[in-house]
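Trainee: model the structure of this input:
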Amino acid sequence: MAGSVRKELRQMLMVIILAVAITIVIQFLLQYLELYFPTLILYDTYIKYVTYAIIILGFAVVISHITKNILETVSGKIGGRNLNGVYTILRALIYGVAIMAVLLMMGFSLTGALLGGTVGGLILSFALQNTISSILSGLLLTSSGVLKPKEPVYIYSWMFDNPVLGIVEDVKILTTQIKTINGLMVDLPSTALLSSSQFTDLTYSENKKLVSHYIIMGFAVDVPVWEMMEEGSKNLEAQKESVGIVKFHSTFQTKGFNTNSIKVVFVFKEMAMYNDCVHLINTTYEKAYWTVKAKMAQQQNK
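Mentor: Predicted coordinates:
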């Protein structure tokens, strides 16, 4: 990564040197041409303004592109962290400075523009309050690194009908794109994600290539829960590889008057296998329940 960043910085330095060199060459070239074409003196100022504006804005475009490449290199080094928000801020600063430089070169007074912009900014801020809030939320979300592309995630929010479970495809300024366990692409608004959502990274801590999650199942209390767990775990162990489960662990979660709850934490290969994993776990323990219940009935009939 260090080599790539140094290369981009060298390119940026070369662009600065080239811009200065072109400016100097144009000054000498104009002076030379004016000796042979005196009428150009009348348009000297306008030619310089246009030429320097093109150089400054072109310089801003190149610097913005180099900055984007540097951030993409850095984001790959820090685990795919999305830096779109940082790039958006830096790009705005680069173009803002370039436009101010062009205006100053042409003799515009920025003091009056700033005073007028203050009043106009207040009016626009009220009119675009929701949009500005969404943009700021997106900038904070993208720059914080809470959500990273290709990361399995569980998102809970009271603003959504159901929790969102899937893979982060892209973190944008206004929305975050998630590929759900059902294969659907959903775009979640940044404002909702930042203000009222809980994020759970499902990446397995011991192996970042695996995914970890859990389900809780409730069963009637008319069978011994330990026998049902033993039967279910034995059958699940025999079938787990068929759906991509690497390992699992079951615990007796809660005991009630009518229902016993069992929690199964499972580690699996990829998010696309989630539905198959849940189906196998549910059916395996459901069959275990009826198997134990049938054995109890047979013992009572003897």
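Trainee: and the helix or strand containing Val168, how far out from the chain's middle?
Mentor: Per DSSP states H and E: Val168 is located in strand 164-171. Distance of strand 164-171 from the chain centroid (C-alpha atoms, centre = their mean, to the nearest Å) equals 8 Å.
Trainee: repeat for stretch 275-287
Mentor: 32 Å.
Trainee: pull out the buried positions in it.
Mentor: 277-278, 280-281, 284-285 (16 or more other C-beta atoms under 10 Å). Using the backbone N, CA and C atoms, a C-beta is placed for each residue, glycine as well.
Trainee: same check, this time on stretch 162-171
Mentor: Buried residues in stretch 162-171, counting neighbours by 16+ other C-beta under 10 Å, are found at 164-171.
Trainee: strands of the stretch 201-302 of the chain, start to end?
Mentor: Secondary structure of the stretch 201-302 of the chain (DSSP state E, counting those that start in this stretch): strands at 211-220, 245-255, 259-268.
Trainee: so which of these gets nearest Pro152?
Mentor: Nearest to Pro152, of all the strands of the stretch 201-302 of the chain, is strand 211-220, at 4.8 Å by C-beta to C-beta.
Trainee: which other residues reach stretch 209-216?
Mentor: Contact with stretch 209-216 is made by 152, 154, 165, 202-205, 246, 253, 261-271, 274, 278, 281-282, as judged by C-beta atoms under 8 Å, 6 or more residues apart in numbering.
Trainee: buried subset of these as a ChimeraX selection?
Mentor: Selecting only the buried entries of the contacts of stretch 209-216 in ChimeraX, with 16+ other C-beta under 10 Å as the criterion:
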select :152,165,202,203,204,262,264,266,267,268,271,274,278,281
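Trainee: just for the stretch 201-302 of the chain, where's the confidence low?
Mentor: 302 (pLDDT under 70).
Trainee: who does the residue nearest in space to the middle of the chain bridge with?
Mentor: The residue lying closest to the centre of the chain (C-alpha atoms, centre = their mean) is Val171, at 2.8 Å. On the basis of DSSP bridges, Val171 is bridged to Thr176.
Trainee: I'd guessed it sits against Glu151; true?
Mentor: No: if you go by C-beta atoms under 8 Å, Val171 and Glu151 don't touch, sitting 9.6 Å apart.
Trainee: Ile24: how many residues sit nearby?
Mentor: 10 (other C-beta atoms under 10 Å).
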